[in-house]
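*Asks:* Sharing a model prediction with you, sequence too.
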Amino acid sequence: MHASYSKRECRTLIRLRQRRNRAQRAVFANSSMRIIITNVVGEPRERHRVNAMYTVKRISVFELIVRGWKNNLLLVVATTAITFVYIEFRPEKAVAAPSVITGFITAIAFFVAFFSTQAYGRWWEARKIWGTYVNDSRSFARMVLAFFPMSDGEPDLTELRTRLVHRHIAHLYALKERLREESTHEYLKYLSDEDGRQVSGLSSVANAILGLQGKDIVAAEREGHIDSFKQAQLNDMLSRFSTSMGMAERIKTTVFPAYYSALIRVAVWVLIFTYPISLSGQIGYWAILFASLFSMILLMIFEVGQAMMTPFEGKPSDTPMSSIVRTIEINLLEELGESDIPAPVEAVDGRYLM
């Protein structure tokens, strides 16, 4: 921990992280998707994990309720119990002021709305980053093929063209694995043995691959295959890849303030327990229905915001990096004229896209 944290703050942060990890494991366990990863000693093992994005355009209300059935059941039971106790056992002079509860609801709704807006901003930025990768990757491959032609009178640059394009595909796979904290090493199939040895064990394989690309481009200019203007264009593309990579890593490593999130969660549950008291004094036992519906909607909005806050952590709301990388891989291999083209990533059960 950083030296500026007190011991109490350190313990609180550790508990919050443990709670987040338990929630993520629950999401993994409910998934029908399975991937193979590598453990510390290099032996393959299986783990349930959803690194996916919803492909369905509509989700039924029943599914929303069932997905968070534990919280919803607790909510309904608590609302029913509080309403019953307040109506049947409250003193005659004890009356909840609706204006106080209304003001509290307004404040909580404002904070939940702000939280959801920030969460969507992070999720949408992640998607835009990978959309930029799609466009820049196609442009890079087109430049490589145009700057290193295989026409008569030109040296045979097939190996260099293939190496540059294959290395870029390896860069994408390495970045995907870094963001998802996987160890599948899919990028190795697009690297030579020498390149694989140079990048293995480094903290950022994706960045190291960009370094190898830059060396090849400099060597091509030195050998007269391209002029300095074309070299500058290719280097500019590498800079764009580095910028996109840094933006994705910033989202991955920048944690939304845990205290703010915890405070909103506590406030939401306080509202859930107090709102039935306000309603039951006016509409009686009908407060159970209306307070439950309102509280359920507010709680689900908050939970959706929490899921979108981390778009690379393996949830159904994730950015579909596997699908995006595979799309780029197919496009680039087709431009090279290769015959061994992998199939696109299919949505699992028609619902999740990796």
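*Replies:* Perfect, thanks for sending it.
*Asks:* Tell me which helix or strand the closest residue in space to residue 331 that isn't next to it in sequence sits in.
*Replies:* Nearest non-adjacent residue to residue 331, counting by CB to CB, 6 or more residues apart in numbering: residue 138, 5.9 Å away. Where C-beta positions appear, they are placed from N, C-alpha and C, glycine not excepted. Using DSSP states H and E, residue 138 sits in helix 98-147.
*Asks:* what is the rounded mean pLDDT of that helix?
*Replies:* Averaged over helix 98-147, pLDDT sits at 89.
*Asks:* What is it packed up against?
*Replies:* helix 158-180, helix 228-253, helix 258-283, helix 286-309, helix 321-336 (3 or more CB pairs under 8 Å, 6 or more residues apart in numbering; DSSP states H and E).
*Asks:* nearest to residue 71, of those?
*Replies:* Closest approach to residue 71 among the helices and strands packed on helix 98-147 (CB to CB): helix 286-309, 6.1 Å.
*Asks:* Give me the contacts around the closest one.
*Replies:* Applying CB atoms under 8 Å, 6 or more residues apart in numbering, the external contacts of helix 286-309 come out as 64-65, 68, 71-72, 75-76, 79-80, 83, 108-109, 112, 115-116, 118-120, 122-123, 256, 261, 264-265, 268, 271-272, 275-276, 279-280, 283, 315-317.
*Asks:* angle of it against helix 98-147?
*Replies:* 30 degrees (axes from the mean of the first three to the mean of the last three CA atoms, to 10 degrees).
*Asks:* how about helix 286-309: buried residues?
*Replies:* Of all the residues in helix 286-309, those buried under the rule 16 or more other CB atoms under 10 Å are 287-288, 291-292, 294-296, 298-309.
*Asks:* angle of it against helix 228-253?
*Replies:* Going by the same axes, to 10 degrees, helix 286-309 makes 150 degrees with helix 228-253.
*Asks:* So the residue nearest to residue 331 versus residue 123, what's the distance?
*Replies:* Separation of residue 138 from residue 123 (CB to CB, to the nearest Å) stands at 24 Å.
*Asks:* which residues does the closest residue to residue 332 other than its chain neighbours contact?
*Replies:* In space, residue 332 comes closest to residue 141 once its chain neighbours are excluded; the distance is 4.7 Å by CB to CB, 6+ apart. Contacts were defined as CB under 8 Å, 6+ apart; by that measure residue 141 touches 165, 168, 331, 332, 335, 336.
*Asks:* Selection in PyMOL covering whichever of those are buried, please.
*Replies:* Applying 16+ other CB under 10 Å to the contacts of residue 141 leaves a buried subset, and the PyMOL line that selects it is:
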select buried, resi 165+168+332
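*Asks:* So residue 201 lies in a helix, does it not?
*Replies:* No. If the criterion is DSSP: H, G, I helix; E, B strand; the rest coil, then residue 201 is coil and not within a helix.
*Asks:* which phi and psi does it have?
*Replies:* For residue 201, the backbone dihedrals are phi 80, psi 0 (criterion: degrees, to the nearest 10).
*Asks:* what residues are up against residue 192?
*Replies:* By CB under 8 Å, 6+ apart, the residues touching residue 192 are residue 163.
*Asks:* Residue 138 and residue 123: which is more packed in?
*Replies:* A direct count of neighbours by other CB atoms under 10 Å for residue 138 and residue 123 places residue 123 higher, at 21 against 14.
*Asks:* What's the separation between that one and residue 103?
*Replies:* Applying CB to CB to residue 123 and residue 103 gives a distance of 31 Å.
*Asks:* Would you point out which residue is most central in this structure?
*Replies:* Centroid-nearest residue in the chain: residue 311, 1.6 Å away (criterion: CA atoms, centre = their mean).
*Asks:* quick one: pLDDT of that residue?
*Replies:* According to the model, residue 311 carries a pLDDT of 88.
*Asks:* tell me the SS of it?
*Replies:* coil.
*Asks:* Give me the phi and psi angles of it.
*Replies:* phi -80, psi 0.
*Asks:* From what I see, it and residue 319 are in contact.
*Replies:* Yes. Using CB atoms under 8 Å, residue 311 is in contact with residue 319, at 4.8 Å.
*Asks:* okay, and the common contacts of the two?
*Replies:* Contacts common to residue 311 and residue 319, judged by CB under 8 Å, 6+ apart, are 123, 126, 127.
*Asks:* and which of those residues is nearest residue 199?
*Replies:* Distances from residue 199 to the shared contacts of residue 311 and residue 319, taken by CB to CB, are shortest for residue 126, at 24.5 Å.
*Asks:* Quick one: residues contacting the nearest residue to that closest one once chain neighbours are set aside.
*Replies:* What sits nearest to residue 126 in space, not counting adjacent residues and going by CB to CB, 6+ apart, is residue 311, at 3.9 Å. Residue 311 makes contact with 122, 123, 126, 127, 251, 317, 318, 319 under the criterion CB under 8 Å, 6+ apart.
*Asks:* List buried residues within those.
*Replies:* Buried subset of the contacts of residue 311 (neighbour count, 16+ other CB under 10 Å): 122, 123, 126, 251, 317, 318, 319.
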